[in-house]
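# Following is a predicted model, sequence given first.
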Amino acid sequence: MNTIETKRLLLRNFVPEDASALFDYLHEPRVSCFLSLKLEDSAAAQREASKRSQNEDNIAVCLKSTNELIGDLFATRGEEQDTFSVGWNFNARFEGAGLATEAAHKLFDFLFSTKNARRLYAYAEEDNIASQRVCEKLGMRHEGTFKEYVSFEKDSDGSPIFVDTRQYAILSKEWRS
């Protein structure tokens, strides 16, 4: 992917040098859906940054002024070639400034105009209010809530803890209007 600029951000491919900043927000994921991405140490962060640099599904989000990695976006092609699952994960230090919405807005433009996407969808756990707000700011509609949909962690007895998950989506024709 070629670098895409917004007013405050750069969206670009990951590079191995992003490892330290990636570790900064993935050593203790704040949202349960990212627990599987938890990085134990800098060596794991180095491997993950290198892995991400080899594909275009993960997009590094950096401050334009410093090129510092502050989060990431993902866009994974669904079963239908014109459908993408999208999401975002940002360092807590940069929360509340509208950066996730700004980055995702530009990603949506890219997917609809360059990748000819027809439909984008995102999942947000019931307790992830910040992500739900991003979806709503992007004009995505809440399509429904899956009750006890998925488990990302286990309780003290080793039983899965299932969470309710909301699905949001937007169509290309809705984005354009």
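In hand now; what should we look at?

# can you give me the strands in the chain?
For the chain, the strands defined by DSSP state E cover 4-5, 9-12, 58-63, 69-77, 83-90, 119-125, 141-154, 160-171.

# Please tell me how far Gly78 sits from Glu48.
Computed as C-beta to C-beta, to the nearest Å, the Gly78 to Glu48 distance reads 23 Å. C-beta here means a position set from N, CA and C on the backbone, and glycine is covered the same way.

# Looking at the two, which is more packed in?
Glu48 (20 against 13; other C-beta atoms under 10 Å).

# residues touching the more buried one, list them.
19, 22, 26, 37, 39 (C-beta atoms under 8 Å, 6 or more residues apart in numbering).

# State the distance from it to Ala19.
Distance from Glu48 to Ala19, by C-beta to C-beta: 7 Å.

# just Ser156 next, same as before
Distance of Ser156 to Ala19, computed by C-beta to C-beta: 33 Å.

# From the neighbour counts alone, determine which of these two ranks first.
Taking other C-beta under 10 Å, Ser156 and Ala19 do not tie; Ala19 has more neighbours (23 against 5).

# Make sure that one is actually in contact with Ala49.
Yes - because the distance of 4.0 Å satisfies C-beta atoms under 8 Å, Ala19 is recorded as touching Ala49.

# since we're on Glu40, how many residues are nearby?
10.

# Select from the strands of the chain the stretch with the lowest mean pLDDT.
Per-stretch mean pLDDT for the strands of the chain is lowest at strand 141-154 (a mean of 88).

# count of neighbours near Asp127?
12.

# tell me the contacts of it?
Counted by C-beta under 8 Å, 6+ apart, Asp127 has contacts Val163.
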